[in-house]
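A.B. asks: sequence and predicted structure are below.
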Amino acid sequence: MHLMGLAGMAGMLPGSLHATAKQPRDIYETPAFGNVCLMHITDCHAQLNPIYFREPNVNLGIGAALGNPPHLVGNALLQQFGIEPGGRAAHAFSYLDFATAANTYGKVGGFAHLASLVKRLRAERGDGNSLLLDGGDTWQGSGTAYWTRGMDMVQACNLLGVDIMTGHWEFTYQDSEVIDNIGAFNGEFVAQNVKVTEEALFDYKFSEFDGFDEDRGLAFKPYTVRSVNGVRVAVIGQAFPYTPIANPQRFIPDWTFGIRDEQMQAVVDRVRGEEKPDLVVVLSHNGMDVDLKMASRVTGIDVIFGGHTHDGMPAPSVVENRSGKTLVTNAGSNGKFLGVLDLDVRNGKLQGYQYRLLPVFSNLLPADAEMQAHIDKVRAPYLEKLQEPLAVAGETLYRRGNFNGTFDQVICDALTTVNDAQISLSPGFRWGTTVIPGQTITMEHVMDQTCITYPETYRREMSGADIKAILEDVCDNLFNPDPYFQQGGDMVRLGGLDYVCDPRQSFGKRISSMSLDDGTPIDAGKQYMVSGWATVGSQSPGRPVWDVVADYLRDQKQVKLKKLNTPKLVGMEGNPGLADYPAS
Amino acid sequence: MAKKSIKVRAKHKDGVTTVKALMTHPMESGLRKNSKGEAIPAHFIQEVVCEVGGNMVMNAHWSGGVSKNPYLSFKFDGGQGQTLKLTWTDNKGESDSIESAIG
Amino acid sequence: MNNLRRLILKGSMAAGTLGVAAGAGLLVPSQALAAWPKEAFGQKTLDGALSVLLGSDEMGESADVSIKAPEIAENGAVVPVTVTASMANVESITIAAPNNPAPLVASFDFASGAHGYASTRIKMGKSGDVIAIVKADGKLYSARKNVKVTIGGCGG
C-alpha cells in the first residue's frame, strides 16, 4: 500500500485551518480525493444537542507511548499536527484558553448540525460512494438516552444514516434491550470479539437473534461487506474488550469479551480469503493505544477507525507490521468531530488517502430540519426536568483528563458534603460535557456527567489499605506499559484525599503519601467513611448520584472550587502529555 | 440436591466425542465468611465421573476452587451411537447423575 | 490405568478417605475409582500439593501443553481455563492457582481414549499464574499463564 508521505499529512487538516493557495468556501470544503469516502463518528455519548467540550491538559504517555499521539496536549499537540495556535482549529483540538475561545467560536456538535455536514459530504462525494461508521458509545450519556433506554439515539442514528456500528456503553443496558435496540437500528451492528459464554450456550436466550452464530459462539455478526462505488469494503467490528470489567457484568451475563487479536487475525484472513474485499477496515472501540498495538500485530487491515479513548487526532498514525501498514485514527467524542477518510482504492489495493477530522461547529452548520424535529420530540417529555437551573458556574467545569477535572470535583464535593463522608470516589469516565464560566448549570449538565444505568451511591467504611488498593488498581489500568492491559478510562476521581503518583512505577508502587485534605496521613489500618457511585460489582443502596449532585448544587449559588484534589506527579517533567498542571 | 442439576451436551464428530457439561452447585469452598464473620461451611463437588458403555473415560477431582455452577468440557475417541453417563458427588455425599445419548 | 490405581493407594493411605467416600454411597462405575485426594487439596503450597497428588513436583515447562485463560479476568470468581496437551498417553491434567489459599484446584484423570483436554472455570482471589500440569507416560509437563484479577470499574 502506498501512503501519502509527510507532505500529504499537512493536507489532512480542514482547508481553512491552513494557509492554502486557494481560499476555500468554508472550513468544511474538502477537495475530492480517490473513489471511496468513509465517514466516522464515535463516542458521541448521546449528545443530541450542541455542547461545549474541553480537551484534556493531562493525557500522559508512559513507556513507548511517551511523546507519541495520542499522548500530546495543548501546544505540543498543535505543534505535532501543524495547527496554528489561537485559531478555531486550536480551539477544536486543544484545551488552550478554553473559556474565551468557547465564547468566540460557540458550541460544538449536535446531531442536527452533524446531519447537515454528513448530508453535504455524501452529496459532494456522490450517491453510493460513502459509508458512515459509528464506533459506539452512542446510546449512553444523556438524560434522554437513559430514560428511553438508548432508543432516542437509535432513531437519531437511523435519521443520520449510520451504516455500521459497534459498541461499549451500549452494553450497559439489559442484554434484552441491547438486542431490541439493534433490531430497531437500520444499520448493522458488528463485533468479532463478543462471544456467548459456553455456559449460556446450553440454553441461550437470544438464539433467534440474527447475528448469533452458534458454531463460532459469536453473539453478533463479526463483519459485513459493502460495495461502495464498486469497491468491496469489509468492515470488521471490535467492541470494547473490557466491557464486563469496566462496567457491570450483571446486565450482560451471557456475553464474554476480550481483545482476541488472534481471532481478529483469523477473521481478517477469512474475510480476505472468502470475500475478496478491496479494502479491509476495523471499526474499533479498543482505545487508541490498544489499536496501535493491535495494528502492529495483526496484518491485513488497511484502516482501524478508533474510539473509546476520546482522542481527537487530526491525522492518523501509520503503524508498520509484518505485511504492510495500517492507519489508526481516533475521532474524539461528544459529537464534536466527524472523521472523513477519502481513499483511493484501485486494483484491489489502497493506493492513497486523505484524512480530515472535521470539528462540528454548530454555528457554522445549519440544523437539519428533520433531525431537529426528532430531537425536539424526544426531549419534550423531559424538557422541564432537564432545564431546571441549579447554580451558576464560577469557572470552567469539565471532566476530561487523566486526573480530577473540575466537574468531577463538584461531584466529589457533593458526595462528601451531602453523604457526610471524609473521602469520595468518582469514576474516571472520559465523557461528560463542559460548562463555561457564567453559564447556568442545569439538571441536563448533571445528567451529562453522571447518566449511567448503575448510578446508585454508597456510603461505607473503608480502610486506608482498601483505598490504596483501589487507587493502585485503577492506576494500573491507565498506566500499565502494555497497552493490552489499559482499559482506556482515566484515574478514579477523589474528594478529600491527596496523594503522590508516579506513573512510571509498576503495579502497587505508583501511589504514595496519601493524606486527607487537612494533611493528616492516611493510616492503612484505620477506617475512613467513603462515599462513591457507579459500583460495578453489585448495585449500591443509595440514591442516584445525579440527585445527590443536584441537591448540592441547589445549595450553591455560584460554583467556585475551593480545591482540586489532583495528585502530585513524580517523574513527569517534560512529558508532552502534561501542561498547565497545578500540583507538580 | 435437586434433581436435574446437570445439563450435558455430547457431540460426535470425525471420530471424537466432545462433552460439555454444566452443573448446578454452590461450590462453597469453606474459606469464605458471611456478613457476621462466621465461616460458610464447605459444600462443593469433589468428584465427577464420566462413563461410556460401562467404561470410565474421565474422573475429575475438584476443590472448592472450581467456580459456582461448574462447567466442564473434555474429549475422547469414539462414542458414536453410545450413551454417556455423567455423575457428580459432593463433600456432603450428595450426588446426581445424567445419561445422555451421544449425538 | 496405573495412574488411577496409584491414586487409590494414595487415597487409602490418607486417613480413611476412601472409606468415607464409599460409605457416602458413591455410584461406583465398573472400574475402580480413585478417591478424592483430600491431603493434596489441603496443601497450602503448590509444590506440596503436587508432591502428594502426583508423587513429584519435578516438571519441565513444555510447548506441548497449552493453557488458555484470559489476560484479565472478567470475573475473578469465574475464570475460564482450558488446557490442551498434545503429547501421547496423557494420563492426567491438573490445574492449580498458586496464589489461591488452596493452590490445587482440579485434577482430571483420563482413560479409555480420552484426549489430553480439559476445560473448566476456576476462582482466583487475586492476580497470579494459572498452572497446568500434565502427566504423560509417567512424566510431568507444565505450562503457566498469568491472569490479572482487577477490582474493575471506572472505565470509559
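C.D. replies: Looks like it arrived, so ask away.
A.B. asks: show me where chain B has its strands.
C.D. replies: B:6-13, B:16-23, B:45-52, B:55-62, B:71-77, B:83-90, B:95-101 (DSSP state E).
A.B. asks: okay if I get these as a markdown table plus distance to residue A:56, mean neighbour count and mean pLDDT?
C.D. replies: No exception for glycine: its C-beta is placed from N, CA and C like everyone else's. Converted to a markdown table, the strands of chain B look like this (distance: least, C-beta to C-beta, whole Å; neighbours: other C-beta atoms under 10 Å in any protein chain shown; pLDDT from 0 to 100):
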| stretch | distance to residue A:56 | mean neighbour count | mean pLDDT |
| --- | --- | --- | --- |
| strand B:6-13 | 49 | 16 | 96 |
| strand B:16-23 | 46 | 21 | 97 |
| strand B:45-52 | 51 | 24 | 97 |
| strand B:55-62 | 49 | 24 | 96 |
| strand B:71-77 | 43 | 20 | 97 |
| strand B:83-90 | 54 | 21 | 97 |
| strand B:95-101 | 56 | 16 | 96 |
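A.B. asks: between these, which one is closest to residue A:137.
C.D. replies: Nearest to residue A:137, of all the strands of chain B, is strand B:71-77, at 31.6 Å by C-beta to C-beta.
A.B. asks: elements contacting that closest one?
C.D. replies: strand B:16-23, strand B:45-52, strand B:55-62, strand C:104-110, strand C:114-122 (3 or more C-beta pairs under 8 Å, 6 or more residues apart in numbering or on different chains; DSSP states H and E).
A.B. asks: which residues touch residue C:116?
C.D. replies: When contacts are counted by C-beta atoms under 8 Å, 6 or more residues apart in numbering or on different chains, residue C:116 touches C:83-87, C:90, C:93, C:110, C:134, C:136.
A.B. asks: of the residues you listed, list those near chain A.
C.D. replies: Filtering those for proximity to chain A by C-beta under 8 Å from any C-beta of the partner chain leaves nothing.
A.B. asks: could you dump the residues you listed to CSV with secondary structure?
C.D. replies: Below are the contacts of residue C:116 laid out as CSV (DSSP: H, G, I helix; E, B strand; the rest coil):
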residue, secondary structure
C:83, strand
C:84, strand
C:85, strand
C:86, coil
C:87, coil
C:90, strand
C:93, strand
C:110, strand
C:134, strand
C:136, strand
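A.B. asks: just the buried residues of those residues.
C.D. replies: Among those, those scoring as buried are C:83-85, C:90, C:93, C:110, C:134, C:136 (criterion: 16 or more other C-beta atoms under 10 Å in any protein chain shown).
A.B. asks: now render these as CSV, adding pLDDT.
C.D. replies: Shown next, in CSV, are the buried ones among the contacts of residue C:116 (pLDDT from 0 to 100):
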residue, pLDDT
C:83, 98
C:84, 98
C:85, 97
C:90, 95
C:93, 97
C:110, 96
C:134, 96
C:136, 94
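A.B. asks: residue A:90 falls within a helix, correct?
C.D. replies: Yes: assignment of residue A:90 by three-state DSSP places it within a helix.
A.B. asks: picking that back up, of all pairs in the contacts of residue C:116, which one is the farthest apart?
C.D. replies: Taking C-beta to C-beta, no two of the contacts of residue C:116 sit farther apart than C:86 and C:110, at 13.8 Å.
A.B. asks: what about residue A:225, how many neighbours?
C.D. replies: 16 (other C-beta atoms under 10 Å in any protein chain shown).
A.B. asks: which residue comes closest to residue 55 once chain neighbours are left out?
C.D. replies: All of this refers to chain A. residue A:95 (4.9 Å; C-beta to C-beta, 6 or more residues apart in numbering or on different chains).
A.B. asks: wrong one, chain B
C.D. replies: Nearest to residue B:55 is residue C:112, by C-beta to C-beta, 6+ apart, at 4.5 Å.
A.B. asks: kindly report the same for residue C:51.
C.D. replies: Per C-beta to C-beta, 6+ apart, closest to residue C:51 is residue C:57, 5.0 Å.
A.B. asks: tally of neighbours for the one you found?
C.D. replies: With other C-beta under 10 Å as criterion, residue C:57 counts 17.
A.B. asks: where's it, which helix or strand?
C.D. replies: Using DSSP states H and E, residue C:57 sits in no helix or strand.
A.B. asks: let me see the contact set for it.
C.D. replies: Counted by C-beta under 8 Å, 6+ apart, residue C:57 has contacts C:46-48, C:50-51.
A.B. asks: quick one: least confident helix or strand in chain C?
C.D. replies: Lowest mean confidence among the helices and strands of chain C (mean pLDDT, DSSP states H and E): helix C:17-23, at a mean of 35.
A.B. asks: ok, the closest residue to residue B:65 other than its chain neighbours - contacts?
C.D. replies: Nearest residue to residue B:65, sequence neighbours excluded (C-beta to C-beta, 6+ apart): residue C:105, at 3.9 Å. For residue C:105, the contact set (C-beta under 8 Å, 6+ apart) comprises B:62-63, B:65-66, C:95-97, C:122-123.
A.B. asks: alpha carbons of stretch A:396-414, as CSV, please.
C.D. replies: Written as CSV, here are the backbone C-alpha positions of stretch A:396-414 (Å, rounded to 0.1, in the frame of the first residue of the first chain):
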residue,chain,number,x,y,z
THR,A,396,-14.9,26.2,33.6
LEU,A,397,-16.4,22.9,34.7
TYR,A,398,-15.0,19.9,32.8
ARG,A,399,-14.1,16.3,33.3
ARG,A,400,-11.6,15.1,30.6
GLY,A,401,-8.0,14.5,31.7
ASN,A,402,-6.1,11.7,33.5
PHE,A,403,-6.9,13.2,37.0
ASN,A,404,-9.7,15.1,38.6
GLY,A,405,-11.5,17.6,36.3
THR,A,406,-13.3,20.5,37.9
PHE,A,407,-16.8,19.0,37.3
ASP,A,408,-15.5,15.8,38.9
GLN,A,409,-14.5,17.9,41.9
VAL,A,410,-18.1,19.2,42.1
ILE,A,411,-19.4,15.6,42.1
CYS,A,412,-16.8,14.5,44.7
ASP,A,413,-17.6,17.6,46.9
ALA,A,414,-21.3,16.8,46.6
